[in-house]
Each structure stands twice: as C-alpha cells, then as structure tokens.
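A.B. asks: Okay, here's the prediction I keep looking at, along with the sequence it came from:
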Amino acid sequence: MPASDAVEQHDQPWSRRRLRSANERLLLDRLRHAGAASRAQLARETGLSKPTVSSALASLAAAGLVHEVGTHAPERGRVAVLYAPDPAAGYALGVDIGRSWLRVALADLDGTVVARSDVRNPARGADALADLVVGTARQVVANSGVNPAEVVHGVVGTPGVYDEKQRRVRYAMHLPGWGRAGLLDRLRGELGIPLEVHNDANLAALGEYTYGVGAGSRLFAYILIGTGLGMGVVSEGRLFTGAHGLAGEIGFLPWPGRQKPERLEDAVSGVAVVEAARHFGMRGQLTAKAVFDAARQGNTAAVQAVELEGERIAHTVAAAAAVLDPDLVVLGGGVGHSVDLLLRPVREHLRTLTPLRPKLAPSRLGEDAVLLGAVATALGTAREMVFEHRTAAP
C-alpha cells in the first residue's frame, strides 16, 4: 500500500473527530448567542444537514453541554424539541480586589451570577488580604451549593499590572505588600482552580463593553477614578494592553503640583477630592462621598472641590482623546459614581482644552464594573475548558 494512502487512512479518524468537534462547537455557539432552537432551525441557520445536527446535538447532550428546554408547536408540522446550552455544565469565579472592598461572584456558563459576596477589606497586609480572598471565595462557592470541582476557572481583578514572568503584581501602590512574589500562586493553590490576574481598570472596561454603555462601541476608554486612577481601552471588542500590559496606566502621567511635580493620580482620585475640599475650607472626617453629598446640598467648599475635580478629569479625558481618538469615554469608579455633578464641569473645561469632543457617559455598571468584567473574562475561558474536557475522546 502506498505511503500516501496509509497516511490518508491514518488521518481519517482524526479528521472525523475534528469535523465532529467543529460542528458541535458551531451549534453550541449558535445556541449560546441566539437562544434555544430546534434541530430544523439549527440546520437552516448553520447550513448543516439535519442528520449532522441531530448527531451533534446527541453528542452535546450526552456530554452534558446541552439539554432540552421545551417544545415548539408550529401551525403545521410536528412539534419540535428546543435545545439550549446547559448552564450547570461548569462555573466561573470573578474577584474584584479593591482597597476598601472585596467583591466575589460565581456564575454559571450562561453568565448568571448564582452567588456573590461583597465584604469590606480591612486587611493591612498582603497575607491578610490573601486570606480574605480565599475565605470569601470559598464561602461564595459553599453558599451557591455548587460542587467546588465544577468551578473550572477564575479571574482576579486588582490594581496594578500582573507580571507573568515574575508571577507577581506590580504598581499596586494602595495595597501594601501585594506585589510580593508567590501571593497569586498561593491563591491558585488554595482555591484549587486556574486563576488569571488582570488590571482592574481593564476588567471594568470589558465589563462595561459586555454589559454596559460600551456595547457596540468601536473604541472606547473607561476611566476608573477611585482610590487611584486607571484606564482600560477596548478596541473592536478586545482589550488594548500595550507591549508590557501597561497601556492605560494614566495615573503615572506627570502633573504640575503646587510644591513639586506630581503624578496625575495624585490630582484625580478620591483622595484628591478630599484634599481639595479641605483646601477650600471643609472640616471634619471627610470622604469623597461626603464631599459630593455636601456639594449636592450647596456647600461652597464642596462645590469648589468638585469643580476642580471636573477640571482635572477634563485634562485626563483630553489626553485620552488626543492619543486614542475614542468614540466614547466612560467615567467610573468611586468618583465616577458622582458623574451627575462632574459632567458639566468636565465638558466645560474640555471645550477650553481641546477641539476633540469624545462622547462622555457615566458607567452603567457602577461599582460592579470590575467584578462583571472579571466574570465575563472567566466565562470565556471556562466555556472553552468545559467544552474541551467534556468532548475529549476517551
């Protein structure tokens, strides 16, 4: 027998498996993105033959990836069974680590959050913070009733940038000790699942693109203004992170301080709002929220502080507009929640700073942007992992 015939025959079983897998993936993607459908409907929409659709659906059902969800009775013809992805085929974990709050959510493969916990972050050291993350995540899984073995992937959002080579977070200025090597490996080991680590502003941008006002935007920038300052950029549905993962670290831009040069983060953050309010005469125990609340009541010092914050945010938006040319700039984070007070001064100062006019909008997701971005990112990988595992040849 010629060698070429032998290779062809050897390839045939592999080729059939590959084709079968491609058909199953095609149908599962169609069901996930467009909703439940019958065999006949799937055949029409995908171009696959009815026998091929029936065979693929049977394999997906046997693997626990799709299930019957009802029937459809047309005016003429037989009643058709409807199929949809089984959301309980696996679960994904999202974690948002902030200076003041830790948020953890568990979602099924449909993206439905089945359990969640938002807890204050009292940790003043890296080990205590790692303990809090592990303990909270375990409690969320326990509260969901899900078998921990069914949680297949997780994504952690954190200030700073994760250095894959050194396996540690860099530039997390507001989380003391969080940059120590080995901490994220410890989380992976104690939780027992693969964990990705991403910058919080990047995840907030993805969350806003997936679930919020960024949907359909060609290129938009999400400016996260809270304890610190960051920016996530989504272009054509994908994050732009730069050559070293540092794209969007606008907090490091220089800013002309009163006594010495500062970083932009020192001027545009919750801390800066409080400092400005004190400078203008407010007294007492102040937080950024308290300053904004006072501004709504007409407090002169608070109004001046908010006006100054709007001017500084306008400089931030002007820089982003000049470099990126976004069609949308979303303001989010703790300070971004007060966009009702900030949009007017930001727009007014933008007119004096630049001829560029990107559309401005408040975050629709508010404080959930990072967490939902983490969940969305984790789901993308979890769905692929579950498919590969459940359809693997024995």
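C.D. replies: Here it is on my side, so go on. Numbers count the residues shown, from 1 in each chain.

A.B. asks: Counting neighbours, what do you get for Leu264?
C.D. replies: 20 (other Cβ atoms under 10 Å). Using the backbone N, CA and C atoms, a C-beta is placed for each residue, glycine as well.

A.B. asks: With adjacent residues omitted, what lies nearest to it?
C.D. replies: Leu253 (4.2 Å; Cβ to Cβ, 6 or more residues apart in numbering).

A.B. asks: Contacts only, for the one you found.
C.D. replies: Shown in contact with Leu253 (Cβ atoms under 8 Å, 6 or more residues apart in numbering): 263-264, 319.

A.B. asks: now, which of the residues you listed lie within helices?
C.D. replies: In this view, the contacts of Leu253 that belong to helices under DSSP state H are 264, 319.

A.B. asks: I'd like the contacts of Leu253 laid out as CSV, including pLDDT.
C.D. replies: CSV is the format used below for the contacts of Leu253 (pLDDT from 0 to 100):
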residue, pLDDT
Arg263, 88
Leu264, 90
Ala319, 93
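
A.B. asks: okay if I get the contacts of Leu253 as a markdown table plus distance to Ala73?
C.D. replies: Formatted as a markdown table, these follow (distance: Cβ to Cβ, whole Å):
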| residue | distance to Ala73 |
| --- | --- |
| Arg263 | 65 |
| Leu264 | 62 |
| Ala319 | 59 |
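
A.B. asks: So which of the contacts of Leu253 is the closest to Ala221?
C.D. replies: Ala319 (10.1 Å; Cβ to Cβ).

A.B. asks: Do you know the pLDDT at Glu68?
C.D. replies: Among the per-residue scores, Glu68 holds a pLDDT of 95.

A.B. asks: Give the helix, strand or coil label for it.
C.D. replies: What DSSP: H, G, I helix; E, B strand; the rest coil gives for Glu68 is strand.

A.B. asks: Just list the residues touching it, thanks.
C.D. replies: 61, 81-83.

A.B. asks: now those: which count as buried?
C.D. replies: Among the contacts of Glu68, the ones that count as buried by 16 or more other Cβ atoms under 10 Å are 82-83.

A.B. asks: Specify which member of the contacts of Glu68 is nearest to Ala128.
C.D. replies: Among the contacts of Glu68, Ala61 lies closest to Ala128 (Cβ to Cβ), at 46.3 Å.

A.B. asks: just to revisit the earlier point, for the contacts of Glu68, work out which two are farthest apart.
C.D. replies: Ala61 and Leu82 (12.6 Å).

A.B. asks: quick one on the thing from earlier: include secondary structure and pLDDT when you put the contacts of Glu68 into TSV, please.
C.D. replies: Listed next are the contacts of Glu68 as TSV, based on DSSP: H, G, I helix; E, B strand; the rest coil; pLDDT from 0 to 100:
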residue	secondary structure	pLDDT
Ala61	helix	96
Val81	strand	93
Leu82	strand	96
Tyr83	strand	96
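
A.B. asks: Out of the contacts of Glu68, which is nearest to Ala36?
C.D. replies: Ala36 lies nearest to Leu82 out of the contacts of Glu68, by Cβ to Cβ, at 4.4 Å.

A.B. asks: Chain neighbours aside, what residue packs nearest to Glu196?
C.D. replies: Nearest non-adjacent residue to Glu196 (Cβ to Cβ, 6+ apart): Val155, at 4.8 Å.
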